[in-house]
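In: Turn this into a structure:
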Amino acid sequence: MRAEYIEVRTLVSPLSYPRVGIVVPRFQHTIVERNRLRRRLRELVRTRLLPLIPPQDVLLRASPRAYGKPFAVLESEIRSIAGLLARES
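Out: Below is the predicted model:
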């Protein structure tokens with residue numbers, strides 16, 4: 001599944017809880033920019049995604065356009081992803 005700023009891959013998990021991996025490629029950005037984006041996505045996953053999704057493995061991969069987006073835009077994207085993942089189960 002591909003959202004506007006984040007690509008999502010899922011896999012059925014034998015565990016009783018969801019796991020999420022976050023990939024933030026370089027895309028010619030500095031370590032500061034990558035870490036900022038990674039921290040934002042990690043917080044959104046913790047607060048918005050994990051409480052809503054069923055037990056599965058999820059991989060989120062940021063696109064080059066995700067850099068520099070406001071927190072609210074990323075939050076909206078994660079909420080829509082959470083809704084889609086919750087409906088798929």
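
In: Now do the SS call for the residue nearest to the spatial centre of the chain.
Out: By Cα atoms, centre = their mean, the chain has its centre lying nearest to Leu60, at 4.2 Å. Secondary structure, DSSP: H, G, I helix; E, B strand; the rest coil: Leu60 is strand.

In: wouldn't it be in contact with Thr10 here?
Out: No. Counting by Cβ atoms under 8 Å, Thr10 is not a contact partner of Leu60; they are 10.2 Å apart. For glycine as for every other residue, the C-beta is placed from the backbone atoms N, C-alpha and C.

In: if we can go back for a sec, for the residue nearest to the centre of the chain, give me its contacts.
Out: By Cβ atoms under 8 Å, 6 or more residues apart in numbering, the contact list for Leu60 reads Ile6, Glu7, Val8, Val20, Gly21, Ile22, Val23, Leu41, Val45, Ile81.
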